[in-house]
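Trainee: here are the coordinates; sequence isn't available:
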Ligand SMILES: C=CC1=C(C)c2cc3[nH]c(cc4nc(cc5[nH]c(cc1n2)c(C)c5CCC(=O)O)C(CCC(=O)O)=C4C)c(C)c3C=C
Ligand SMILES: [Fe+2]
Ligand SMILES: [Fe+2]
């Protein structure tokens, strides 16, 4: 039994994110965790390591996560409630299970858990939540957790993305702006999830429609695409960004703004998959592709996180 370090009324706020390698040496272990222990073929290891090398040799995700957490906790100070922030990663350190252990050691009795991913899926958010339960079981402890399952229609999140869309369009000369086509995207998942009744794809489209509407786009000015499908033989949700760009080019589109709505910070799926791989496809197709910055610590997005957390804290 350890001595509590927090007052009994302190509410823990557990922020969870995907996790990312801090050096290229972490890659084999990181991929082994993502691939649930399946051996990573050496060609795949080499390819993904090379992708990370091209974005600076490490993932910026841990740093952005810390900045988002600090900013959100600052915004939550106004509530006057005693809160303590924790960070747990799904696929790398600090592991969610270890953070849960730290929360138990600190004497946390009540907590809110939120994933830095706005859309619910059995293959994403639910897996993070299972890790919390595994951590509690592993360390024989109990914490009353309130889970934030999704926040994909929150006004601040939608407005922040609509601003990114407008910013992207306005980066083109005024005379060209009416020709710009906006592609909203998110991480693909295996097609089987929709058969299983997973809400992920519907929630993404709901966010996308709200963003397009708020940015003042008509149906011809935007479209949906998945991106970053995993390397497994089963079919993944599409169209994939590269084939979608090809289809748009065939329709005569020459100017594209790419706004990934499923990611809330810049990391490899954006910095490599869009800024390097999709850019190359666009260049080959004679297109100009603009990708405004991810939400990162955008005050509207941070305000959204603070607001959904505050509502859960109030219900504890
Ligand atoms: C909604 C689901 C997923 C999100 C969001 C997501 C984000 C995300 N992914 C990476 C990096 C990698 N992901 C990889 C594989 C992979 N990712 C998901 C789902 C989401 N990822 C799945 C289902 C899979 C397949 C896992 C499997 O069993 O094979 C990989 C491995 C290589 C590959 O298969 O492409 C990497 C690397 C980041 C950085 C990220 C950011 C939030
Ligand atoms: Fe992934
Ligand atoms: Fe991925």
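Mentor: Great, that's in hand. Keep in mind that what you see is a predicted model, and the values were worked out from it rather than measured. Ligands and ions are numbered 1, 2, ... in the order given.
Trainee: measure how buried the residue of the stretch 151-300 of the chain at minimum distance from ligand 1 is and give me the count.
Mentor: Nearest to ligand 1 in the stretch 151-300 of the chain, going by C-beta to the nearest ligand atom, is residue 230, at a distance of 3.1 Å. Every C-beta, even on glycine, is put in place using the N, C-alpha and C of the backbone. With neighbours defined by other C-beta atoms under 10 Å, the count for residue 230 comes to 12.
Trainee: please apply the same query to residue 264.
Mentor: The local packing of residue 264 (other C-beta under 10 Å) involves 26 other residues.
Trainee: please apply the same query to residue 161.
Mentor: Neighbour number of residue 161 under other C-beta under 10 Å is 29.
Trainee: so the spatially closest residue to it that is not a sequence neighbour is in which element?
Mentor: Nearest residue to residue 161 in three dimensions, chain neighbours excluded: residue 211, at 4.6 Å (C-beta to C-beta, 6 or more residues apart in numbering). For residue 211, the host element (DSSP states H and E) is helix 200-214.
Trainee: same deal with residue 283?
Mentor: Going by DSSP H and E, residue 283 is part of helix 279-284.
Trainee: buried residues in whichever helix or strand comes after that helix?
Mentor: Sequence-wise, the next helix or strand downstream of helix 279-284 (DSSP H and E) is strand 288-290. By 16 or more other C-beta atoms under 10 Å, the buried positions in strand 288-290 come out as 289, 290.
Trainee: and for stretch 82-99?
Mentor: 83-84, 86-93, 95-97, 99.
Trainee: touching ligand 1 at all, it?
Mentor: No - counting by C-beta under 6 Å from any ligand atom, ligand 1 has no neighbours in stretch 82-99; the shortest distance is 7.7 Å.
Trainee: now stretch 235-243
Mentor: No - contact of stretch 235-243 with ligand 1 is not found when judged by C-beta under 6 Å from any ligand atom; the minimum separation is 8.5 Å.
Trainee: state the mean pLDDT of that stretch.
Mentor: Averaged over stretch 235-243, pLDDT sits at 97.
Trainee: hmm, residue 124 is touching residue 117, no?
Mentor: Yes - under the criterion of C-beta atoms under 8 Å, residue 124 makes contact with residue 117 at 5.8 Å.
Trainee: hmm, who's touching the helix holding residue 211?
Mentor: Here helix 200-214 makes contact (C-beta atoms under 8 Å, 6 or more residues apart in numbering) with 118-121, 123-124, 150, 152-153, 157-159, 161-162, 165, 182, 184, 186, 189, 193-194, 221-222, 224, 237, 259, 261-262.
Trainee: only whichever of those are buried, select them in PyMOL.
Mentor: Command for PyMOL, covering only those of the contacts of helix 200-214 found buried under the criterion 16+ other C-beta under 10 Å:
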select buried, resi 118+119+120+121+124+150+152+157+158+159+161+162+165+182+184+186+189+193+221+222+224+237+259+261+262
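Trainee: which ones among the contacts of helix 200-214 are found in strands?
Mentor: The strands, defined by DSSP state E, take in 182, 184, 186, 222, 224, 259 from the contacts of helix 200-214.
Trainee: next, count neighbours for residue 240.
Mentor: Neighbour count for residue 240, taken as other C-beta under 10 Å: 19.
Trainee: hang on, the earlier thing: surely the residue of the stretch 151-300 of the chain closest to ligand 1 is in a helix?
Mentor: No - counting by DSSP: H, G, I helix; E, B strand; the rest coil, one finds residue 230 to be coil, located in no helix.
Trainee: what's the closest non-adjacent residue to it?
Mentor: residue 236 (6.7 Å).
Trainee: how about the closest residue to residue 241 other than its chain neighbours, what does it touch?
Mentor: In space, and not counting its chain neighbours, residue 241 is closest to residue 227: 4.3 Å by C-beta to C-beta, 6+ apart. Listed by C-beta under 8 Å, 6+ apart, the contact set of residue 227 reads 185, 186, 187, 188, 240, 241, 260, 269, 273, 274, 278.
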